[in-house]
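*Asks:* Model the following, please.
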Amino acid sequence: MSNTKTEWQGSLELVYANDQGKTRLVRDRITSPLKVQRPFYPEGQGVCHTVVLHTAGGIVGGDRLSQTIHLQEDSQALITTAAASKIYRSNGQRANQRIHIHVEAGACLEWLPQETIVFNGADYQQQMTVELAPGASWLAWEITRFGRTARKERFLQGDWRSHTEIWQQGHPLWIDRQWLPGGEAVLDSPHGLAGEPIVGTLIWMGPPVSSEIIDNARSLWTADQRQGEAGVTQTQAQGLLCRYRGSSTTEVRNWFTQVWQCLRLTYLGRNVSQPRVWLV
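*Replies:* The predicted structure is shown next:
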């Protein structure tokens, strides 16, 4: 990736509304390199599926991207990405992405991006702020691979930060600040990656989860022979938090999808409908 590339200042603003039982994308303001495919409805009119693309192919130092997502009352949307996101080696500057999500009462957003690949030497920070109204629901996951492991690359240089905050009526429901500086000390430490290249987080905030849901999420992990490590906890706001550390995107996404299915059936009354772009 050339260091002479023009820095991007891309933005995306999406607003969804419930129109007599159909969720419509009623506003979309987008500037390059971000783009949105035409919304589609693989599971009926109630849930609007949206695919976000990064037309430049990846993020480099100096890029400044912003996304604003607003779900009005009783709307339901599923947002994913067209492919894995790539954070390229830095040209000496930090790349930043800010995401602000507002979910009103009775609405539900499923935020399910594909894997993010952080190249060796990347310098990247993401800040996500979620405003949840009482009665709103939000499910999200983040799966991050450090280094292009297919090329035997490790994240020996660089800096990665991911900050997520969920608020409701001025009160914090969940604050998560992750920081991984490149280097063998962190990559190999049992308090870091323990030699593994992938970390994953799934978070659910909505109707309080029961102890049965927590036990089920744990049993879904132990039911199959797994290679990585995982944990399931209940947040102080009675949400669900799943963590993963391992070497397989397929392994973590399969587990997260099983947990997603459990939550969907319990709280939304429908089965998982996997976006077709995941199958490409």
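*Asks:* Around Trp204, count how many other residues there are.
*Replies:* The number of residues packed near Trp204 is 25, by other CB atoms under 10 Å. Where C-beta positions appear, they are placed from N, C-alpha and C, glycine not excepted.
*Asks:* correction: Gln178
*Replies:* Residues near Gln178, counting by other CB under 10 Å: 14.
*Asks:* Grab the nearest non-local neighbour of Ala82.
*Replies:* Spatial nearest neighbour of Ala82, chain neighbours left out: Leu53 (4.5 Å); criterion: CB to CB, 6 or more residues apart in numbering.
*Asks:* what secondary structure does that neighbour sit in?
*Replies:* Secondary structure state of Leu53, per DSSP: H, G, I helix; E, B strand; the rest coil, is strand.
*Asks:* Longest helix of the protein, counting residues only.
*Replies:* helix 249-263 (DSSP state H).
*Asks:* what does the average pLDDT come to for that one?
*Replies:* Averaging pLDDT along helix 249-263 gives 97.
*Asks:* Can you name every helix or strand that that helix contacts?
*Replies:* Applying 3 or more CB pairs under 8 Å, 6 or more residues apart in numbering; DSSP states H and E, one finds that helix 249-263 makes contact with strand 137-146, strand 198-205, helix 211-222, strand 240-246.
*Asks:* what's the angle from that helix to helix 211-222?
*Replies:* 160 degrees (axes from the mean of the first three to the mean of the last three CA atoms, to 10 degrees).
*Asks:* Helix 249-263 vs strand 137-146, what angle?
*Replies:* Using the same axes, to 10 degrees: helix 249-263 against strand 137-146 is 170 degrees.
*Asks:* I'd like the distance between the residue nearest to Ala82 and Ala84.
*Replies:* 12 Å (CB to CB, to the nearest Å).
*Asks:* Please apply the same query to Ala217.
*Replies:* 25 Å.
*Asks:* Please identify which of those two sits among more neighbours.
*Replies:* Neighbour totals were compared for Ala217 and Ala84, and Ala217 leads with 26 against 14 (other CB under 10 Å).
*Asks:* wait, what's in contact with that one?
*Replies:* Taking CB atoms under 8 Å, 6 or more residues apart in numbering, we find Ala217 in contact with Val232, Leu240, Cys242, Val259, Cys262.
*Asks:* now swap in Gly195 and tell me
*Replies:* Gly195 neighbours (CB under 8 Å, 6+ apart): Leu187, Asp188.
*Asks:* How about the secondary structure of it?
*Replies:* coil.
*Asks:* now it: how far from Gly158?
*Replies:* Gly195 is 18 Å from Gly158, by CB to CB.
*Asks:* hang on, the earlier thing: quick one: contacts for the residue nearest to Ala82?
*Replies:* Counting by CB under 8 Å, 6+ apart, Leu53 touches Leu34, Lys35, Val36, Gln37, Thr81, Ala82, Ala83.
*Asks:* which parts of stretch 70-80 are buried?
*Replies:* For stretch 70-80, the neighbour count (16 or more other CB atoms under 10 Å) marks His70, Leu71, Gln72, Asp74, Ser75, Gln76, Ala77, Leu78, Ile79, Thr80 as buried.
*Asks:* Show me what that stretch is in contact with.
*Replies:* 13-18, 23, 46-52, 69, 101-114, 136, 268, 273, 275, 277-278.
*Asks:* Just the CA atoms of stretch 122-141, as CSV, please.
*Replies:* Provided in CSV are the C-alpha atoms of stretch 122-141 (Å, rounded to 0.1, in the frame of the first residue of the first chain):
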residue,chain,number,x,y,z
ALA,A,122,-1.2,-0.4,11.4
ASP,A,123,-2.2,2.5,13.7
TYR,A,124,-6.0,2.6,14.2
GLN,A,125,-8.6,3.7,16.7
GLN,A,126,-12.3,3.1,16.6
GLN,A,127,-14.8,4.9,18.9
MET,A,128,-18.4,3.5,19.0
THR,A,129,-21.1,5.2,21.1
VAL,A,130,-24.5,3.6,21.3
GLU,A,131,-27.6,5.4,22.7
LEU,A,132,-30.3,3.0,23.7
ALA,A,133,-33.8,4.2,24.6
PRO,A,134,-35.7,2.1,27.2
GLY,A,135,-37.2,-0.8,25.4
ALA,A,136,-34.6,-0.8,22.6
SER,A,137,-32.4,-3.8,21.8
TRP,A,138,-28.9,-4.0,20.3
LEU,A,139,-26.7,-6.9,19.4
ALA,A,140,-23.2,-6.5,18.0
TRP,A,141,-20.0,-8.4,17.5
